[in-house]
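Trainee: Could you look at this predicted model? Sequence included:
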Amino acid sequence: MASKVKLTFLGTSSSIPTAKRNHTGVLLIYEGEKILIDCGEGIQRQIRKAKLNPCKITKILITHWHGDHVLGLPGLFQTLALSEYHKELIIYGPYGTKKYIESMFNAFNFVNKFNFRIVEIDTNGKFFENDDFYLEAKKLYHNITCLGYNFVKKGERKIYKSKLKKSKLPEGPLLQQLKEGKAIIYNNKRYLPEQLTYKEDDVKISFILDTRFNTEIIPFIKNSNLLVCDATFEPGMEELAEERNHMTASQAAGLAKQAKVKKLVLTHISERYDRKENEVLKKVSKIFHSPFLVQDLSVVDV
């Protein structure tokens, strides 16, 4: 059975946290990878409340350098140093990330050190790939450089059990070669991967956290299995949303609908929502089916 991707929403507020919403952070877990998307103030405590281990984090994706998305980094770095973090933490972010992190280390008197590497992303498109998944970025429209991210789990090649039984191929290296998309020869007969195998669809998760509405996002998030999207303002506040370089929940729903996204998660929620969440969801549901207005520590499997 294919491994699922698990998202834990560590913080879901907009720029000002509330009693029930922490600053932004999402932890994506897929097999051995633990990828933190943004690290707002208080994320360390949220990780503990979710019963997760910060020392398991392998990568950090920074969307942009506004405080509500990065002020948790100094504390997290100190915890990793004190805990003798033994991996190499790879930190991805927009151009300028190296300068900001260097300034952070100069500003704080860190005890101990840990191994990390910074990769600045200055172009749209794929910036990491291995056999199992890839990551890609797109520049968004905000008042500073801001990136959206896609995590794409590659579809696995599976073997048709009924066809395998008829072929009488033995278990072992030959089947593995078929799964890798290679042709094989058995008992002087050639078998093509297309005859005995099929490829599962990719699983795509998109993160669009801070941006004003624009349709250029649509190709990037097209056919996503899950879109995690900025919904700072409630429907009807489009003018203020554009002025502040954010989106309304209804605009997020409109993008999801046009991009044929399968599931929509609304986040970066303003304190204005506190007593209006059901009302907002009702309005948004008229645009996009079953949107999920996420809460802190919500877990979503994809």
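Mentor: Okay, I see it.

Trainee: okay but Thr211 is in contact with Ile221, surely?
Mentor: No. Counting by CB atoms under 8 Å, Thr211 does not reach Ile221; the two are 11.3 Å apart. The way it works is simple: take the backbone N, C-alpha and C, and place the C-beta from them, glycine included.

Trainee: what residues do those two have in common as contacts?
Mentor: Common neighbours of Thr211 and Ile221, using CB atoms under 8 Å, 6 or more residues apart in numbering, are Gly148.

Trainee: Helices of the chain, start to end?
Mentor: Ranges of helices in the chain, per DSSP state H, are 43-49, 67-70, 73-82, 97-107, 161-167, 173-179, 193-196, 218-221, 238-243, 249-258, 277-285.

Trainee: average pLDDT for the last one?
Mentor: Confidence for helix 277-285, expressed as mean pLDDT, is 94.

Trainee: what's near enough to touch Arg272?
Mentor: Contacts for Arg272 were tallied using CB under 8 Å, 6+ apart; they are 233-234.

Trainee: Comparing the helices of the chain, which stretch has the densest surroundings?
Mentor: Highest mean neighbour count among the helices of the chain (mean count of other CB atoms under 10 Å): helix 249-258, with a mean of 24.

Trainee: Give me the packing partners of that helix, helices and strands only.
Mentor: With contacts taken as 3 or more CB pairs under 8 Å, 6 or more residues apart in numbering; DSSP states H and E, helix 249-258 sits against helix 218-221, strand 226-230, helix 238-243, strand 264-267, helix 277-285.

Trainee: thinking again about what came up before, adding distance to Asp296 as columns, could you present the helices of the chain in JSON lines?
Mentor: Output for these, formatted as JSON lines (distance: least, CB to CB, whole Å):
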{"stretch": "helix 43-49", "distance to Asp296": "7"}
{"stretch": "helix 67-70", "distance to Asp296": "14"}
{"stretch": "helix 73-82", "distance to Asp296": "17"}
{"stretch": "helix 97-107", "distance to Asp296": "25"}
{"stretch": "helix 161-167", "distance to Asp296": "43"}
{"stretch": "helix 173-179", "distance to Asp296": "40"}
{"stretch": "helix 193-196", "distance to Asp296": "45"}
{"stretch": "helix 218-221", "distance to Asp296": "24"}
{"stretch": "helix 238-243", "distance to Asp296": "22"}
{"stretch": "helix 249-258", "distance to Asp296": "18"}
{"stretch": "helix 277-285", "distance to Asp296": "13"}
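
Trainee: which one of those lies closest to Val299?
Mentor: Among the helices of the chain, helix 43-49 comes nearest to Val299, with 12.3 Å by CB to CB.

Trainee: so Thr248 makes contact with Asp230?
Mentor: No. Checked against CB under 8 Å, the pair Thr248 and Asp230 is beyond contact range at 9.3 Å.

Trainee: ok, these two, which is more surrounded?
Mentor: Regarding Thr248 and Asp230, a neighbour count based on other CB atoms under 10 Å identifies Asp230 as having more, with 32 against 26.

Trainee: bridging residues for the more buried one?
Mentor: Thr267 (DSSP bridges).

Trainee: Quick one, grab the pLDDT at it.
Mentor: We have a pLDDT of 97 for Asp230.

Trainee: ok, it touching Ser206?
Mentor: No. Between Asp230 and Ser206 there is no contact under CB under 8 Å: 11.5 Å.

Trainee: and of the helices and strands packed on helix 249-258, who's closest to Phe116?
Mentor: Closest approach to Phe116 among the helices and strands packed on helix 249-258 (CB to CB): strand 226-230, 24.9 Å.

Trainee: Tell me how far the closest residue to Gly42 other than its chain neighbours lies from Gly172.
Mentor: Leaving out its chain neighbours, the residue that sits closest to Gly42 by CB to CB, 6 or more residues apart in numbering is Asn22, at 4.8 Å. As judged by CB to CB, to the nearest Å, Asn22 and Gly172 stand 50 Å apart.
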